[in-house]
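# Structure for this input, please:
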Amino acid sequence: MSQTTLSIPGKTIPASRDRLQSQLLTAACACSLLLTCYSIFVFSFGRAGFPFVAGPLAIAVAFAMVVFALRSATLGGCLMGALVCFNLIAWTRDYNSNLLHSALTPLLALFLLTWAATRVRRAEKERAGLAEPKHGRTASQVAANLAVAALIVTWLGAWLFGKFFKLPYPLSYFASLAACLAALAEATADTISSEIGQVFGGEPWLGFRRVPPGTDGAISMVGTFAGVTGAAIVTGIGWWALLLTPKVAAVAFFAGVLGLFFDTFLGATVERAGWLGNDLVNFLSTLVAAIAAAVGIGLLR
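Numbers count the residues shown, from 1 in each chain. The predicted model follows:
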């Protein structure tokens, strides 16, 4: 008996393989995020005291509750989102300023932009079978889009850039901030380009031929422009929130756009061939955006 495949246009990956990839990705990201959260709590109670984490923890819980109330994510997706939110705030917050000067601000921009994009002509998307499920994003989808950003700004990211990219401190710190912002920009661009392109872009292009909306790896001018605009907005907000220099913010933006086109490439090749599912493709695309940003910062020194 042949395996069941997903019914999205052009997608041939067996459902069992897609599900397994998503489960493994979710488990790996959840464990890594819990580890970095644990290290924050150890530092907090050992040196800085509970107030060090009280604010980020309260905001992360509130953020998850709002997302759940809006049905933008499942319970698992909200829990994963809380881990992401806590890490982003705790590791990027400027403790001499307010909480808005952290990665919380570009994360909120990402959420609002993608939330709005998924609701543009939703009825039309539902009739075409392209709409996001009404229960919202799952834990694997949240991890695929946001885990790289949340992990790259922790001690894991600083260690990675210091050891493998030979970036001395504080350059490794700025590289991690740029990488985080690039990953958030890519995740924003990917969602917006898909959601807007499906309803305003007409029949997208795959190579040199027209294909139905929703086909893996297909692009439209309208969708691409919308995605790049979304990336620019998130990067601009992150520039202010993270107190970055114009050069660092520019590197993050272009790295995010590069990640968007890498996502398109993977969609047209390995995803369309049935080797990788959408969650893993999204995760790899944000990872490429983050690495590209780090490389860019290294080249600027």
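# Strands along the stretch 51-200 of the chain, start to end?
Counting by DSSP state E, counting those that start in this stretch, the stretch 51-200 of the chain has no strands at all.
# need the helices for it, in chain order.
With DSSP state H, counting those that start in this stretch, the ranges of helices along the stretch 51-200 of the chain come out as 51-69, 75-92, 104-119, 122-128, 139-152, 155-163, 171-200.
# Convert the fifth one to PDB, retaining C-alpha atoms only.
Same thing as helix 139-152. This file holds the C-alpha atoms of helix 139-152, laid out as PDB (Å, rounded to 0.1, in the frame of the first residue of the first chain):
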ATOM      1  CA  ALA A 139       4.500  23.800  17.800                       C
ATOM      2  CA  SER A 140       6.500  22.500  14.900                       C
ATOM      3  CA  GLN A 141       5.600  25.500  12.700                       C
ATOM      4  CA  VAL A 142       6.500  27.900  15.500                       C
ATOM      5  CA  ALA A 143       9.800  26.200  16.000                       C
ATOM      6  CA  ALA A 144      10.500  26.100  12.300                       C
ATOM      7  CA  ASN A 145      10.100  29.800  11.900                       C
ATOM      8  CA  LEU A 146      11.300  31.200  15.200                       C
ATOM      9  CA  ALA A 147      13.600  28.800  17.000                       C
ATOM     10  CA  VAL A 148      16.800  29.900  15.100                       C
ATOM     11  CA  ALA A 149      16.200  33.500  16.100                       C
ATOM     12  CA  ALA A 150      15.700  32.500  19.700                       C
ATOM     13  CA  LEU A 151      18.700  30.300  19.900                       C
ATOM     14  CA  ILE A 152      21.200  32.300  17.900                       C
END
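# neighbours of Ala69, just the number please.
Ala69 is flanked by 9 other residues according to other C-beta atoms under 10 Å. Just so you know, the C-beta spots here come from the backbone N, C-alpha and C atoms, and that holds for glycine as well.
# possible to save the helices of the stretch 51-200 of the chain as a markdown table with distance to Ala255 and mean pLDDT?
Below are the helices of the stretch 51-200 of the chain laid out as a markdown table (distance: least, C-beta to C-beta, whole Å; pLDDT from 0 to 100):
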| stretch | distance to Ala255 | mean pLDDT |
| --- | --- | --- |
| helix 51-69 | 25 | 91 |
| helix 75-92 | 17 | 96 |
| helix 104-119 | 14 | 95 |
| helix 122-128 | 29 | 65 |
| helix 139-152 | 12 | 97 |
| helix 155-163 | 14 | 72 |
| helix 171-200 | 4 | 92 |
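# can you redo these as CSV with distance to Ala273?
Output for the helices of the stretch 51-200 of the chain, formatted as CSV (distance: least, C-beta to C-beta, whole Å):
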stretch, distance to Ala273
helix 51-69, 33
helix 75-92, 28
helix 104-119, 27
helix 122-128, 24
helix 139-152, 19
helix 155-163, 30
helix 171-200, 19
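# out of these, nearest to Asn282?
With C-beta to C-beta, the closest approach to Asn282 among the helices of the stretch 51-200 of the chain belongs to helix 139-152: 4.0 Å.
# Between helix 104-119 and the closest one, find me the angle.
With axes from the mean of the first three to the mean of the last three C-alpha atoms, to 10 degrees defining the directions, helix 139-152 sits at 150 degrees from helix 104-119.
# Need the residues that contact stretch 159-173.
152, 158, 175-176, 179, 294-295, 297-298, 301 (C-beta atoms under 8 Å, 6 or more residues apart in numbering).
# quick revisit: do you know which of the helices of the stretch 51-200 of the chain lies nearest Asp263?
helix 171-200 (5.3 Å).
# that older thread, to Gly274, which of the helices of the stretch 51-200 of the chain lies closest?
Checking the helices of the stretch 51-200 of the chain against Gly274 by C-beta to C-beta gives helix 139-152 as the closest, at 17.6 Å.
# Brilliant, that's me finished.
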